[in-house]
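[1] have a look at this prediction, sequence included:
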Amino acid sequence: MRDNPVLRIVAKIIIPVILLFALYVQFHGDFGPGGGFQAGAIFAAGFILYGLVFGTEALRNAIPPGLLRFVIALGLVLYAGVGATTMLLGSDYLAYGALAHDLISGQHLGIFLVELGVGITVSAVIVTIFLAFAGRNDP
Amino acid sequence: MNVAGLYNYWIVILLMMTGFYVVISSGNLVKKIIGLNLFQASVFILYISMGKVVNGAVPILREGVTTYSNPLPHVLILTAIVVGVATTALGLALVVRIREAYGSVEEDDIHRQDESL
Amino acid sequence: MISAQLPALQVVVPLLAAPLCLVLHRPFAAWLLTFVVSGISLLVSIALLGQILEQGVIDYTFGGWAAPFGIAYHIDFANAYVLLIVTAISTVVSIFAKRSVASEIEAHSQGLFYTAWLLCLTGLLGITITGDAFNLFVFLEISSLSSYVLIAMGNDRKALTAAYQYLIMGTIGATFILIGIGLLYMLTGTLNMLDMAQRLVAVADSRTARTGFAFLTVGLGLKIALFPLHLWLPNAYAYAPSAVSAFLAATATKVAVYVLLRFMFSVFGIDFALGAMPLSTMLVVLGSIAVLSASTVAIFQHNLKRMLAYSSIAQIGYLILGVSLATPAGLTATLLHLFNHALMKGALFLALGCIAWRLGSVRLEDLRGLGYRMPWTMGVFVIGGLSLIGLPLTAGFISKWYLVLATVERGWWPVVLVIIAGSLLAVIYVWRVIETAYLGKTQEAVSGTEAPLSMLVPAWLLAIANLYFGIHTELSVGIASQAAMVLFGGQP
């Protein structure tokens, strides 16, 4: 597919837009449809489009699988870590009110971090699944 | 009984039975997973359609709106969708490995290969 | 301060350990993390049990939202008891797993294996401890998905088809549970189990409640492997890695039985569940058929792991018989058998794991003369087998005794005959193995030695626990009967 000029050029134009849209969806979960899961899926879709058009080797060069494994763990640790932080600050697990000076901003901050963790993990997992499937040779 | 007013439940039942039938009757492992997805999609529609409140607006906080639809089913279904995606991915990964080990994705072939040992 | 956070820590510690295990590459580090985390979870569950013995009930809310708006953990005797079983089995089997997994799974997959183990542990603990219906579904899926992965890692290619079949059936079961929870939410407007119980009293007579109950029971029946929804279990336990068979056989179905009890008694209430719905009759019939048919099929198996899997189905039949009696005595017998069966099956599967490690196979024919070549391993098997049959002085006898007492109290004599017939059938299939191991002629020279200590010690630990809890019954019976009282009392 790399030889097809239309696909190549359109992909190069669209992939940054997809990634930007994913970031928009990620951070506007409070004010509209959005949030971690959806944003992670869209973010991964951008990378998968790259892998489809330019080949899985190019995708592997862009994102090493070792890095992906680390990012999956990072997102989950971020989520659980927010809860652990609130526990260390004296409150219950995931009691966001402990994170900032008052309840509302604490909830804003807490949910922001938690959704970020979710988005990171979901995008890394979907790209990993794609690479695992696409890398196998047909017997 | 108001049959027409309950049309969302009829759709749920239709999808559920279709998906369930595909899972049970199909011999191809990939088709079973497709049936499973259909089955789970019907459950999603069940949850979301029950969350709609009559004259309720979209559950996003805005000025001048007093009645909102119930946002809780949306959150539940988001989680359930992700679970469904994970199950599908896992199922398909198993199918790929089965294809490599047995050479086929038809249930009958696999049974035959296992019995003959 | 920590003691107030124990309910959250019970689930959070394995949950945080799982991604750490993912980034650790070396198998030894992954194994060590799993063992340490299982041990910490065991300590937490013992501490929780201690708190329960003082306070009776623990409530813990998340996110600062009070119940019933937020997710709340509700721990009472029944919970704490099952938590102890799950964490204890995970710790003991993880000691065993070091050598066993090293021999059955390739080195580069072992890190992922232990990650899935930790996630399964998180899921099982979460299911047990939670007081929110949808939270239960989420943890149920976490534990189910990770157990599919664990089973698929067996070294036979049939492990893949077994995992696939378990995936299809398990997902259908979980989706049924989701439908049931959805119908209950539609009816009551809440997901908190205690709140739901209060609100259900007014609407229990509606078709929605009955349908929700039916979906929940069938979905849970699939997870419990209740006859006739047991088809996934024999293959899954037979072809999984030995440590996984031991871990899942002793915990997964027990936790599902606990969930059934929780929904039947705490959410719906005994009058609805066993009175208005014909569940009592159904469970008696299905439980009896499970005991008799599964024990009979077990007699004809050549693969010993499959034999033990069918035996597990029969034991689950016993558990369900206890539930169907609808009396506190019956429930005590079921809860007692949850604990004792975990000990029995754990010991038996660990013994088979030692045999698999040494011989590479678990076929009956290959066990000829093994009683003299591997005396310690076969000793564990003999003790576990005697416990399965229900000989006095073993834990199995105690649970059978309580079950028979409860059945006699109810006056259901045919069921007593079923229980005794099940024990007689167990004698046959256990005797087959003992006869081959001790009385069979060895074919090759007496060369193989015993299994390594790190595998024998956990197996003997469970075997001795069988004997200990068969003689000193105050602890297990005491907690089981208190848990039954709590469940029967409805809301604490």
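    Alright, I've got the coordinates.
[2] got any ranges where the chain has weak pLDDT?
    All of this is about chain A. Applying pLDDT under 70 to chain A flags the ranges A:1, A:137-139.
[3] ah, no, chain B please
    If you take pLDDT under 70 as the line, chain B has these spans: B:1, B:117.
[4] so who does the residue nearest the centre of it touch?
    Among the residues of chain B, the one closest to the centroid is residue B:40, at 1.7 Å (CA atoms, centre = their mean). Going by CB atoms under 8 Å, 6 or more residues apart in numbering or on different chains, residue B:40 touches B:19, B:80, B:84, B:87, C:171, C:175. Where C-beta positions appear, they are placed from N, C-alpha and C, glycine not excepted.
[5] biggest separation within the residues you listed, which pair?
    Taking CB to CB, the two most distant members of these are B:19 and B:80; they sit 14.4 Å apart.
[6] among the contacts of residue B:40, which one lies nearest to residue C:315?
    Nearest to residue C:315 among the contacts of residue B:40: residue C:171, at 24.9 Å, using CB to CB.
[7] from residue C:155, how far off is the closest residue to chain C within chain B?
    Using CB to the nearest CB, the single residue of chain B nearest to chain C is residue B:101, 4.1 Å away. With distances taken as CB to CB, to the nearest Å, residue B:101 is found 11 Å from residue C:155.
[8] repeat for residue B:77
    According to CB to CB, residue B:77 and residue C:155 sit 38 Å apart.
[9] those two: who's more crowded?
    residue B:77 (20 against 13; other CB atoms under 10 Å in any protein chain shown).
[10] contacting residues for the more buried one?
    B:44, B:47, B:48.
[11] the residue nearest to the first one when sequence neighbours are not counted sits in which helix or strand?
    So that's residue B:44. Once flanking residues are discounted, residue B:44 sits nearest to residue B:77: 4.9 Å by CB to CB, 6 or more residues apart in numbering or on different chains. Using DSSP states H and E, residue B:77 falls within helix B:72-102.
[12] list the buried residues of the next helix or strand after that helix.
    Following helix B:72-102 in sequence order, the next helix or strand is helix B:107-115 (DSSP H and E). Neighbour-count burial for helix B:107-115 flags B:107, B:110, B:113 (criterion: 16 or more other CB atoms under 10 Å in any protein chain shown).
[13] and if you look at stretch C:369-381?
    C:369, C:370, C:371, C:373, C:374, C:377, C:378, C:379, C:380, C:381.
[14] and that stretch, how far apart are its ends?
    In stretch C:369-381, first residue to last residue: 14 Å (CA to CA, to the nearest Å).
[15] residues in contact with that stretch?
    So stretch C:369-381 is in contact with C:347-348, C:350-352, C:354-355, C:358-359, C:433-434, C:436-438, C:440-443, C:446, C:448-451, C:456, C:459-460, C:462-463, going by CB under 8 Å, 6+ apart.
[16] out of those residues, who's near chain A?
    Within the set of these, contact with chain A (CB under 8 Å from any CB of the partner chain) is found for no member.
[17] which of these fall within helices?
    For these, the ones inside helices are C:347-348, C:350-352, C:354-355, C:358-359, C:433-434, C:436-438, C:456, C:459-460, C:462-463, with DSSP state H as the criterion.
[18] and the residues you listed, which of them are buried?
    Buried subset of these (neighbour count, 16+ other CB under 10 Å): C:347-348, C:350-352, C:354-355, C:358, C:433-434, C:436-438, C:456, C:459-460, C:462-463.
[19] and stretch C:8-18, does that touch chain A?
    Yes: legend: contact between stretch C:8-18 and chain A by CB under 8 Å from any CB is shown at C:8, C:12, C:15, C:16, C:18.
[20] what's the burial count for residue 84?
    Just so you know, I chose chain A. If we define neighbours as other CB under 10 Å, then residue A:84 has 20 of them.
[21] right idea, wrong chain: chain B
    Residue B:84: 22 neighbours (other CB under 10 Å).
[22] doesn't residue B:37 make contact with it?
    Yes: taking CB atoms under 8 Å as the definition, residue B:84 is a contact partner of residue B:37 at 6.7 Å.
[23] does any bit of the helix of greatest length in chain A sit next to chain B?
    Longest helix of chain A, by residue count under DSSP H: helix A:103-134. Yes: counting by CB under 8 Å from any CB, chain B is contacted by helix A:103-134 at A:122, A:129, A:132, A:133.
[24] most neighbours among those residues, which one?
    Counting neighbours by other CB under 10 Å, residue A:122 leads the residues of helix A:103-134 next to chain B with 23 neighbours.
[25] which residues does the closest residue to that one other than its chain neighbours contact?
    Leaving aside its chain neighbours, residue A:122 sits nearest to residue A:40 (2.8 Å; criterion: CB to CB, 6+ apart). Shown in contact with residue A:40 (CB under 8 Å, 6+ apart): A:22, A:26, A:118, A:119, A:120, A:121, A:122, A:123, A:125, A:126.
[26] one more time with 6 Å
    A:119, A:122, A:123 (CB atoms under 6 Å, 6 or more residues apart in numbering or on different chains).
[27] would CSV of these with distance to residue C:305 be doable?
    Output for the contacts of residue A:40, formatted as CSV (distance: CB to CB, whole Å):
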residue, distance to residue C:305
A:119, 42
A:122, 37
A:123, 40
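[28] and which of these is nearest to chain B?
    Nearest member of the contacts of residue A:40 to chain B, counting by CB to the nearest CB, is residue A:122, at 7.5 Å.
[29] where do the helices sit along the stretch 101-250 of chain C?
    Listed in chain order, the helices found in the stretch 101-250 of chain C under DSSP state H, counting those that start in this stretch are C:107-129, C:133-152, C:158-188, C:193-203, C:207-224, C:233-239, C:242-261.
[30] which residue, neighbours along the chain excluded, lies closest to the residue of chain A found nearest chain B?
    Residue nearest to chain B within chain A: residue A:129 (5.1 Å; CB to the nearest CB). Counting by CB to CB, 6+ apart, residue A:129 lies nearest to residue B:89, which is 5.1 Å off, once chain neighbours are set aside.
[31] likewise for residue C:103?
    Per CB to CB, 6+ apart, closest to residue C:103 is residue C:357, 5.5 Å.
[32] and the gap between the one you found and residue C:107?
    When distance is defined by CB to CB, residue C:357 is 16 Å away from residue C:107.
[33] likewise for residue C:241?
    14 Å.
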